[in-house]
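I'll drop the sequence and a predicted model, then ask my questions.
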Amino acid sequence: MHRSVYEYLLRGNLKHFLFSGLSEGEIPEIDWLEFPSEKIKKPLIAVDGSYKSSIRDFGLIYAITGLALYQEGEVIRDRGLSLVDVMEKNLFRQKHLSDFLSMLMKLAEVKNLLRVLRDLGGDYAVLMDGSFISDVITPQPTYEWVSHLGIEREKVESYEEKILEVSEEIERRFLEEDFALINMLEIFSNESLPIRAYIAAKLLYYEYLISLHKLTELKNPIFFITKDSSSSDFVRWWEIRQFLTDQVMFNICTLNRPGYAPPIPSMLEEKKKYLPPKFVGILDVEIYQTFTRLKPLSVSTYKVEVLNVPKDEIGFYLSYIADTSPRGYPFLLEMAHKSVVITERDIEKVGEIVYPFGRSPRAYLNE
């Protein structure tokens, strides 16, 4: 970092020109429940994922992992599902590339979880990193994903019927293959790269929706725990106008107070206006959301979205999860995060293995 940053800070010249903040007298009272003494205890499975990409001098290399950590008696075991591959630079613009890799990661997480539950049996409670609501509202790939590659809309969209046929085969192969769409893409191996990119994105979205649909068919209690949330559902629900986001409100108003907010329902159909007809049932899933501070000195509150748990039992589960969170975040989920995260150093090492002579442009500046 250049010294001018420190010079600016030393001048004490922060303007806060887009930040209001709150004085102590303005902090509102909110509804906040203590954890009940009664708890619902079940063995836990924690699910997290990670992806990382790196530009090399020949293209873009990426790595993806979905990981499950689970209790078997006194032992914690793990199982992961990973993918490493290469694509052309600038095949997708940055926003669409992020959506593409994020869908691959979530697909790996959910498919890995489904396999673990199939093999284990038993009544497990599932802790998943992230937000089910955000997963559902992920945008469907469109022509705009490949429009910059100079191909006409009519040419791309002429493949829709064939894509639908292949999608049905993906569903049949879903649990047997790690990423069924990749094998099915071989059907289109003679097509141009823009066409293959569009088809890959569409097939990925379809397999991704299959995974979300199968997740909603589970009977297990599922808790999606979001580390950083920008939702404002509680702010609007309670009409508390001093805040823009729920997490900021709960962080300020519940300091040193473990507990949780009274759960409110989330209407998915209000957040996602369209899904392919085969998957519209996802929008009917009953899902509650709350925020929780698991320990008095937790660094933050966390948004929790809950599936397959009656509203009046949510507190009993959260009370048990709090007991398994010595650092204010579920211990098993923290372990999963540390085990799965792919760092910049990791992706550079992966690149050296895949293409020993293909270097990242950044590497030249770091010599």
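Received, thanks.

so what's V285 up against?
Listed by C-beta atoms under 8 Å, 6 or more residues apart in numbering, the contact set of V285 reads 216, 268, 307. C-beta: built from backbone N, CA, C; applies to glycine.

what is the burial count for the first one?
By that I understand T216. Using other C-beta atoms under 10 Å, T216 is surrounded by 19 other residues.

what's near enough to touch it?
281-282, 285, 307.

show the buried residues in those.
By neighbour count, with 16 or more other C-beta atoms under 10 Å, the contacts of T216 hold 282, 285, 307 as buried.

Y206 is in contact with I170, isn't it?
Yes - taking C-beta atoms under 8 Å as the contact criterion, Y206 and I170 are neighbours in contact, 6.3 Å apart.

tell me, what's touching those two both at once?
Taking C-beta under 8 Å, 6+ apart as the contact criterion, the residues that touch both Y206 and I170 are L181.

so which of the two has more stuff around it?
Neighbours per residue (other C-beta under 10 Å) separate Y206 from I170, with Y206 holding more: 23 against 19.

so that one sits in a helix?
Yes - judged by DSSP: H, G, I helix; E, B strand; the rest coil, Y206 forms part of a helix.

ok, and the closest non-adjacent residue to it?
Sequence neighbours aside, S167 is the residue nearest to Y206 in space, at 4.3 Å (criterion: C-beta to C-beta, 6 or more residues apart in numbering).

quick check on the one you found: phi, psi?
phi -60, psi -40 (degrees, to the nearest 10).

help me confirm that it comes into contact with L203.
Yes - here S167 lies in contact with L203, judged by C-beta under 8 Å, at a distance of 6.4 Å.

returning to what we had before: dump the contacts of T216 into JSON lines; add distance to L318, secondary structure and pLDDT as well.
Formatted as JSON lines, the contacts of T216 follow (distance: C-beta to C-beta, whole Å; DSSP: H, G, I helix; E, B strand; the rest coil; pLDDT from 0 to 100):
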{"residue": "G281", "distance to L318": "27", "secondary structure": "helix", "pLDDT": "92"}
{"residue": "I282", "distance to L318": "24", "secondary structure": "helix", "pLDDT": "93"}
{"residue": "V285", "distance to L318": "20", "secondary structure": "coil", "pLDDT": "93"}
{"residue": "L307", "distance to L318": "14", "secondary structure": "strand", "pLDDT": "97"}
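
any idea whether A68 is helix, strand or coil?
For A68, the secondary-structure state derived from three-state DSSP is strand.

so what's it up against?
Applying C-beta under 8 Å, 6+ apart to A68 gives the contacts 45-47, 78-80, 109, 112-113, 116, 336.

okay, the residue nearest to Y206: pLDDT?
Model confidence at S167, expressed as pLDDT, equals 91.

now do G358
As summarised for this prediction, G358 has a pLDDT of 60.

go on, R56?
Confidence per residue is given as pLDDT, and for R56 that number is 82.

how far away is it from P194?
Relative to P194, R56 is positioned 21 Å away (C-beta to C-beta, to the nearest Å).

higher neighbour count, the two?
Here R56 and P194 are compared on neighbour count by other C-beta under 10 Å; more neighbours surround R56, at 23 against 19.

pLDDT averaged over the helix or strand hosting K202 - what is it?
Per DSSP states H and E, K202 falls inside helix 193-216. For helix 193-216, the per-residue pLDDT values average out at 96.

which helix or strand lies directly C-terminal to it?
Secondary structure here is assigned by DSSP H and E; on that basis, the next helix or strand after helix 193-216 toward the C-terminus is strand 222-226.

just want the angle from that next one to helix 193-216.
Relative orientation of strand 222-226 versus helix 193-216 (axes from the mean of the first three to the mean of the last three C-alpha atoms, to 10 degrees): 130 degrees.

which parts of the following helix or strand past strand 222-226 are buried?
From strand 222-226 onward toward the C-terminus, using DSSP H and E, the following helix or strand is helix 233-238. If you call a residue buried by 16+ other C-beta under 10 Å, then helix 233-238 has these buried ones: 233-235, 238.

stretch 273-284 too?
Within stretch 273-284, the residues that qualify as buried are 275, 279, 282-283, counting by 16+ other C-beta under 10 Å.

next one: stretch 193-205
Residues of stretch 193-205 classed as buried by neighbour count (16+ other C-beta under 10 Å): 194-205.

ok, stretch 236-249 next?
The neighbour-count criterion (16+ other C-beta under 10 Å) identifies 238, 240, 243, 245-249 as the buried residues of stretch 236-249.

list the residues that contact the most centrally placed residue in the chain.
Closest to where the C-alpha atoms of the chain average out (C-alpha atoms, centre = their mean) is G130, at 4.2 Å. Under the criterion of C-beta under 8 Å, 6+ apart, the contact partners of G130 comprise 106, 224-226.

and the gap between it and T226?
As for G130, its distance to T226 is 6 Å (criterion: C-beta to C-beta).

same question, I137
14 Å.

my read: S50 touches T65, true?
Yes - between S50 and T65 there is a contact under C-beta under 8 Å: 5.5 Å.

overlap in contacts of the two?
In the contact map built from C-beta under 8 Å, 6+ apart, the residues linked to both S50 and T65 are 105, 340, 342.
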